[in-house]
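*Asks:* Provided below for reference: sequence and predicted model.
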Amino acid sequence: MSSNICTRFAPSPTGFLHVGGLRTALYNYLFARNHAGKMILRIEDTDRARFVPGATESLIRTLRVMGIDYDEGPDKPGSSGPYLQSERTDIYQQHAEQLINQGDAYYCFCTPERLEQIRKQQESSNQQPKYDGYCRNLTTSEISHNLESGKPYVIRLKMPLQGESRFTDLIREEVVVQNELIDDQILIKSDGFPTYHLANVIDDHLMGISHVIRGEEWLLSVPKHLRLYQAFEWKPPAMAHLPLLLNPDKSKLSKRQGDVAVEEFLEKGYLPEALNNFVALLGWNPGDNQEIYTLPQLIEKFSLERVNKSGAVFDIQKLNWLNGQYLRQLTPQDRGKFLLPHLVKAGFDTTDHARTEKIIDAVYKRLSFGAQMGTEAVIFYSDNLVISEEQARMVLVKPTSKQVLAHFLKKLDSVNEVNVDIFRNIMKEVQQETGISKEDLWMPIRVALTGVTHGPDLPVVIEIFGKEKISRFVSQALAF
C-alpha cells in the first residue's frame with residue numbers, strides 16, 4: 001500500500017482517556033505506521049454539555065506518555081487544521097446549508113416536549129423510537145414563517161424510508177441495515193453546533209482520511225454517514241469497527257467495574273510499554289504465540305485482517321502478569337527511578353538512597369505494578385512484626401519452629417553484627433544442634449523476619465535489617 005494512508009483518532013474531551021479509547025488510538029497509529037502513512041489527532045468538542053475543561057491537554061499528555069506519536073493535531077499544526085471541531089463550525093454550517101438547498105436535509109421545528117411524547121407512544125406500542133418525520137415535508141412558506149418568527153430548529157438528514165443500506169466493513173465484512181430502522185439524524189443542533197455525524201464525515205473528507213478505525217458502537221451509524229457522502233458526492237473512506245471491550249462476566253467494560261482510565265493505570269505504576277502491549281492484544285491476534293511485543297514489533301505485525309469480530313475480555317490478571325515481566329526487564333537504574341515515587345507516595349522515608357535501592361531490589365520481583373511497593377516494602381519500615389497471613393501463623397505454632405527460633409536467637413546474641421555469611425553460619429549451627437532441616441528450618445525464620453511464607457530473599461532482608469531489628473522480630477515471633 002502507498003503512503004497516502006491517513007488515519008485519525010477523534011476523541012471527545014469529556015474526561016480521562018478510557019482504555020477502549022487507547023486501543024482505538026493505538027490501532028490507528030499501528031495501521032498508519034505499518035503502511036508508512038500518517039495519523040491525525042482531532043478533538044470532537046462540539047457537545048458543549050459534556051465538555052470538560054483541561055481534558056484535551058490531559059489527553060495529549062497521555063498519548064505522549066504512551067508513545068502514540070501522531071503527525072498532526074492541536075499541538076502539531078499541519079495542513080489539515082484546525083483540529084478542534086469547535087473551531088470549524090463555519091465549515092459545518094456551510095455544508096448543512098448545501099444539504100438543505102439540495103433537498104438532502106430539512107429544518108425541524110419540533111419541540112423537545114413533542115419529541116418526548118412521540119418516543120413514549122412508540123415505546124408503549126413496542127416500536128423502535130425514532131423521529132416520525134413530521135417536519136420532513138413542510139412547505140416553503142411554513143419554513144420561512146417559522147424561521148422569521150425565530151422558532152428554534154435543528155437540521156435533520158433526509159434518510160431513505162424504504163430499502164436497505166449495504167456496506168463493507170474491514171472487520172465485519174458485508175453489513176446490511178434496513179433503512180426503515182434508521183432515524184432522520186440531527187446534523188445541526190439548536191445551539192448551532194454540529195452533531196458527531198455531520199462533523200466527522202466533513203472532517204474525514206477534508207482531512208483526507210483513508211481509513212476510519214473506531215469502536216463498534218458506530219457501526220449502525222454508517223448508513224447515515226454513507227448517505228452524507230452520497231449527498232456531497234464524496235468517496236467514503238474504508239471503515240473498520242473494533243469489537244467491544246468486555247469485563248470477565250462479558251458485560252461491557254465500564255467505569256462502574258473499576259479502573260478503565262489510562263491515567264489511573266499509569267498512576268498505579270503500570271508501564272506504558274506493558275499497557276500498549278496488553279491493549280494491542282485485546283481483539284487482535286498476531287498469529288503466533290509471542291506475548292511480549294515492543295511498539296516497533298507491533299507496528300511491523302499489525303493488520304486489520306487479524307482483528308476479531310467478537311468482544312475482547314479485559315483480563316486484569318493478564319495485564320498484571322505482563323506488567324511484571326516488563327518491570328523485571330528494566331535496568332536497575334530505570335527500575336529505581338520508576339518505583340521510587342511509589343515508595344514516597346506510600347509515606348516511607350527514602351532519604352537513605354543506598355538503603356532505598358536495596359529495598360527496591362529486595363521486592364521488585366514480587367510486583368505486578370508500582371503501587372504494590374507500599375505493601376511489599378512495609379516490613380523494611382516497620383518496628384514490629386505483623387503476621388496477618390493464616391499460613392504464616394500455622395508455621396509459628398509448630399513445636400519445631402519454636403526450637404529453631406530459640407536456638408537462632410541464642411546464636412544471634414553471641415555475635416556483634418550480622419551479614420549474609422554470619423547468618424548462614426548461624427543457620428548451619430542451628431540445624432546441627434536441633435537436627436531440623438529444610439523447610440522446617442528455614443520457614444520459621446522467613447515468617448519471623450517477613451511475616452509471610454513467600455517474601456523477599458532472606459539474604460537481602462538480613463542485609464537491610466541489621467542485628468537489632470532481626471533480634472527484635474525473632475523475639476516477637478517466639479512470643480507469638
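*Replies:* Structure received.

*Asks:* gap between the two ends of stretch 389-402?
*Replies:* Stretch 389-402 has its terminal residues 18 Å apart, counting by Cα to Cα, to the nearest Å.

*Asks:* Mind listing what's buried along that stretch?
*Replies:* Judged by neighbour count using 16 or more other Cβ atoms under 10 Å, the buried positions of stretch 389-402 are Glu389, Ala392, Val395, Leu396, Thr400, Ser401. (C-beta placed from N, C-alpha, C; glycine too.)

*Asks:* With stretch 463-480 instead?
*Replies:* Glu463, Ile464, Phe465, Lys467, Lys469, Ile470, Ser471, Phe473, Val474, Ala477, Leu478, Phe480.

*Asks:* Check stretch 201-209 too.
*Replies:* For stretch 201-209, using 16+ other Cβ under 10 Å, the buried residues are Val201, Ile202, Asp203, Asp204, His205, Met207, Ile209.

*Asks:* pLDDT on it, on average?
*Replies:* The predicted model assigns stretch 201-209 a mean pLDDT of 98.

*Asks:* Likewise for stretch 461-476?
*Replies:* On average, stretch 461-476 scores 95.

*Asks:* With stretch 315-325 instead?
*Replies:* 97.

*Asks:* which other residues reach it?
*Replies:* 248, 258, 270-271, 274-275, 277-278, 291-292, 367-369 (Cβ atoms under 8 Å, 6 or more residues apart in numbering).

*Asks:* In helices, which of the buried residues of stretch 463-480 appear?
*Replies:* Judged by DSSP state H, helices contain the following of those: Glu463, Ile464, Phe465, Lys467, Lys469, Ile470, Ser471, Phe473, Val474, Ala477, Leu478.

*Asks:* which residues of the stretch 301-450 of the chain fall in strands?
*Replies:* 312-313 (DSSP state E, counting those that start in this stretch).

*Asks:* Show me where the protein dips below the pLDDT cut-off.
*Replies:* 1-3, 255-259 (pLDDT under 70).

*Asks:* can you list the domain ranges for it.
*Replies:* 6-76+245-313, 88-242, 330-381, 382-480 (automatic domain parsing).

*Asks:* Compare those domains and give me the one nearest Pro82.
*Replies:* domain 88-242 (5.9 Å; Cβ to Cβ).

*Asks:* that older thread, let me have the domains of the chain in JSON lines, extended by distance to Leu319.
*Replies:* Shown next, in JSON lines, are these (distance: least, Cβ to Cβ, whole Å):
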{"stretch": "domain 6-76+245-313", "distance to Leu319": "5"}
{"stretch": "domain 88-242", "distance to Leu319": "18"}
{"stretch": "domain 330-381", "distance to Leu319": "8"}
{"stretch": "domain 382-480", "distance to Leu319": "22"}
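
*Asks:* returning to what we had before: neighbour-wise, give me the winner out of the contacts of stretch 315-325.
*Replies:* Scoring the contacts of stretch 315-325 on neighbours with other Cβ atoms under 10 Å, the highest-scoring entry is Phe278 at 26 neighbours.

*Asks:* by contact count, what packs against the helix or strand where that residue lies?
*Replies:* Taking DSSP states H and E as the definition, Phe278 sits inside helix 272-280. When contacts are defined as 3 or more Cβ pairs under 8 Å, 6 or more residues apart in numbering; DSSP states H and E, helix 272-280 sits against helix 19-34, helix 262-268, helix 295-301, helix 316-329.

*Asks:* List the buried residues for the third one?
*Replies:* By 16+ other Cβ under 10 Å, the buried positions in helix 295-301 come out as Leu295, Leu298, Ile299, Lys301.

*Asks:* Now do the same contact list for the second one.
*Replies:* So the one you mean is Leu298. Leu298 neighbours (Cβ under 8 Å, 6+ apart): Leu26, Leu30, Asn276, Asn277, Ala280.

*Asks:* so which pair among those residues is furthest apart in space?
*Replies:* Going by Cβ to Cβ, the pair spanning the contacts of Leu298 furthest: Leu30 and Asn277, at 11.8 Å.

*Asks:* nearest residue to Pro82 other than its sequence neighbours?
*Replies:* Nearest non-adjacent residue to Pro82, counting by Cβ to Cβ, 6 or more residues apart in numbering: Arg88, 5.9 Å away.

*Asks:* What is the burial count for the one you found?
*Replies:* 19.

*Asks:* residues contacting the residue of the chain positioned farthest from its centre?
*Replies:* Most distant from the centre of the chain: Glu433, at 56.9 Å, with distances by Cα atoms, centre = their mean. Shown in contact with Glu433 (Cβ under 8 Å, 6+ apart): His407.

*Asks:* roughly how far apart are it and Ile426?
*Replies:* Glu433 sits at a distance of 11 Å from Ile426 (criterion: Cβ to Cβ, to the nearest Å).

*Asks:* Neighbours of the closest residue to Glu300 other than its chain neighbours, how many?
*Replies:* Excluding the flanking residues, the one nearest Glu300 by Cβ to Cβ, 6+ apart is Asn34, at 7.1 Å. A count of nearby residues for Asn34, using other Cβ under 10 Å, gives 17.

*Asks:* tell me the contacts of Asn34?
*Replies:* The neighbours of Asn34, taking Cβ under 8 Å, 6+ apart as the test, are Ile299, Glu300, Phe302, Ser303.

*Asks:* how much space is there between it and Thr56?
*Replies:* Taken as Cβ to Cβ, the span from Asn34 to Thr56 is 27 Å.

*Asks:* do Gln317 as well
*Replies:* Taken as Cβ to Cβ, the span from Gln317 to Thr56 is 33 Å.

*Asks:* Between these two, which has more neighbouring residues?
*Replies:* Using other Cβ under 10 Å as the criterion, Gln317 and Thr56 rank with Thr56 on top: 21 against 9.
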